[in-house]
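**Student:** Below: sequence and its predicted model.
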Amino acid sequence: MRLVFMGTPAFAATCLEAVLATEHELAGVYTKPDTPKNRGMKRIPSEVKVLAQAHGIPVFQPESFREDEAVETLRALAPDLIIAVAYGKILPQRVLDIPPLGCINIHGSILPALRGSAPVQWAVLQDLPETGVTAMYLNAGMDEGDIIDVRTTPIGENETAGELMERLAPIGAALLKDTLAAIAAGTAARRPQDPAQASYAPMLTKELSPVDWSRPARAILAQIRGLNPWPAATARLGGTEFKLWEARPYETETRAAPGKLLALTKRGLAVACGDGGILITRLQAPGGKAMPAADYFRGHPIQMNNE
């Protein structure tokens with residue numbers, strides 16, 4: 001088959017590696033325009049672009065497919081099938097209609113659960129016991145197309161969204177490779193989604209960051225894991241606003257008000273919450289680096305009778 005691949009982050013690059021390992025012809029790769037980053041606002045290419053260029057694959061970076069020129073450029077590549085993996089752009093119907101075998105997507109959830117742009121993060125934020133990767137046909141709706149195949153995996157008790165994303169990437173790559181083989185052989189399944197079972201995973205924002213200490217400990221731990229690496233959970237402790245990178249349950253019976261500092265141990269800082277406490281084990285002060293909480297407070301003493 002003659003393919004076009006569309007994707008942007010590291011998760012997509014892992015899937016692109018799987019495509020490159022097949023015998024299918026890759027006519028071109030689409031990725032988002034280079035993004036200005038860091039203090040110098042230097043434009044940084046996506047992981048997918050770097051990989052494609054290393055293999056001599058033509059790279060295209062249109063701002064969108066609203067312009068006829070962008071659509072006609074894609075049509076001229078004459079793909080039999082388009083693959084989209086975390087591309088970050090909506091494909092209009094006139095793009096979906098180009099390849100005779102359709103467009104497929106590798107999505108980081110067990111569809112129809114967690115449709116949307118941040119399924120891996122919301123699986124952790126919602127403290128789900130498992131998640132997975134779904135291969136599906138694209139249609140005009142948001143992650144509403146027919147399902148081809150699904151691979152599932154349990155979510156680790158302390159696994160962060162970033163760690164889960166890294167672990168799902170090779171699962172998605174293997175699923176994509178098998179899906180391409182099934183489509184080429186004409187044996188790919190096609191199962192409609194049940195909209196009654198749908199849930200959504202909207203884009204993350206910094207408004208999700210502040211910790212509400214009145215919530216249960218397990219919910220706060222899921223928040224810290226789900227917002228790692230971005231945008232990070234935040235909390236004001238001893239008058240300083242910290243990013244919270246890692247925490248563990250703190251087994252205690254306390255009547256202390258939520259947010260009260262309970263203890264500073266060799267493992268970290270214990271804080272009261274809605275049904276007990278949590279132990280913050282890794283955090284980051286403004287302008288500093290992420291470090292073990294016990295090490296930070298050894299050099300920056302904190303008053304334990306406030307908050």
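**Tutor:** Yes, it's here.

**Student:** Tell me, please, where in the stretch 151-300 of the chain the pLDDT is lower than the cut-off.
**Tutor:** Along the stretch 151-300 of the chain, segments meeting pLDDT under 70 are nowhere present.

**Student:** State whether Ile106 and Gly132 are indeed in contact, as I suppose.
**Tutor:** No - with contact defined as C-beta atoms under 8 Å, Ile106 does not count as touching Gly132 (11.0 Å). (Glycine included, C-beta is placed from N, CA and C.)

**Student:** where exactly do the helices run in the stretch 1-150 of the chain?
**Tutor:** Residue ranges of the helices in the stretch 1-150 of the chain, as given by DSSP state H, counting those that start in this stretch, are 10-20, 47-54, 68-76, 93-96, 119-125.

**Student:** returning to that earlier point: show me which of Ile106 and Gly132 is the more surrounded one.
**Tutor:** Ile106 (28 against 23; other C-beta atoms under 10 Å).

**Student:** what's the one helix or strand Leu168 maps to packed up against?
**Tutor:** Element membership for Leu168, per DSSP states H and E: helix 161-185. Packing partners of helix 161-185 (3 or more C-beta pairs under 8 Å, 6 or more residues apart in numbering; DSSP states H and E): helix 10-20, strand 81-85, strand 103-107, helix 119-125, strand 130-137, strand 147-154.

**Student:** got these as CSV, with distance to Thr179 columns?
**Tutor:** CSV is the format used below for the helices and strands packed on helix 161-185 (distance: least, C-beta to C-beta, whole Å):
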stretch, distance to Thr179
helix 10-20, 10
strand 81-85, 9
strand 103-107, 6
helix 119-125, 18
strand 130-137, 4
strand 147-154, 5
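
**Student:** so which of those comes closest to Arg218?
**Tutor:** Arg218 lies closest, by C-beta to C-beta, to one member of the helices and strands packed on helix 161-185: helix 119-125, at 11.7 Å.

**Student:** quick one: average confidence on the closest one?
**Tutor:** In this model, helix 119-125 carries a mean pLDDT of 98.

**Student:** Please give the centre-to-centre distance between that helix and its chain.
**Tutor:** 7 Å (C-alpha atoms, centre = their mean, to the nearest Å).

**Student:** quick one: contacts of it?
**Tutor:** Contacts to helix 119-125, defined as C-beta atoms under 8 Å, 6 or more residues apart in numbering, come from residues 107-109, 114, 116, 131, 155, 159-161, 164-165, 168, 201-202, 204, 208, 222-223, 225-227.

**Student:** Buried deepest among the helices of the stretch 1-150 of the chain, which one?
**Tutor:** The highest mean neighbour count among the helices of the stretch 1-150 of the chain, using mean count of other C-beta atoms under 10 Å, belongs to helix 119-125: a mean of 25.

**Student:** Buried ones among the contacts of helix 119-125?
**Tutor:** 107-109, 114, 131, 155, 159-161, 164-165, 168, 201, 204, 208, 222-223, 225-227 (16 or more other C-beta atoms under 10 Å).

**Student:** What residues does the closest residue in space to Glu251 that isn't next to it in sequence make contact with?
**Tutor:** Closest residue in space to Glu251, ignoring its immediate chain neighbours: Gly276 at 7.3 Å, by C-beta to C-beta, 6 or more residues apart in numbering. Residues in contact with Gly276 (C-beta under 8 Å, 6+ apart) are 217, 249-254.

**Student:** which residues of the stretch 201-307 of the chain fall in helices?
**Tutor:** For the stretch 201-307 of the chain, the helices defined by DSSP H, counting those that start in this stretch cover 217-226, 293-299.

**Student:** just these: most buried one?
**Tutor:** Of all the helices of the stretch 201-307 of the chain, helix 217-226 has the most neighbours on average by mean count of other C-beta under 10 Å, namely a mean of 22.

**Student:** Return the distance of the one residue sitting closest to the centre of the chain relative to Glu163.
**Tutor:** For the chain, the residue nearest the mean C-alpha position is Val120 (4.6 Å; C-alpha atoms, centre = their mean). To Glu163, Val120 is 10 Å away according to C-beta to C-beta, to the nearest Å.

**Student:** do Ala285 as well
**Tutor:** 23 Å.
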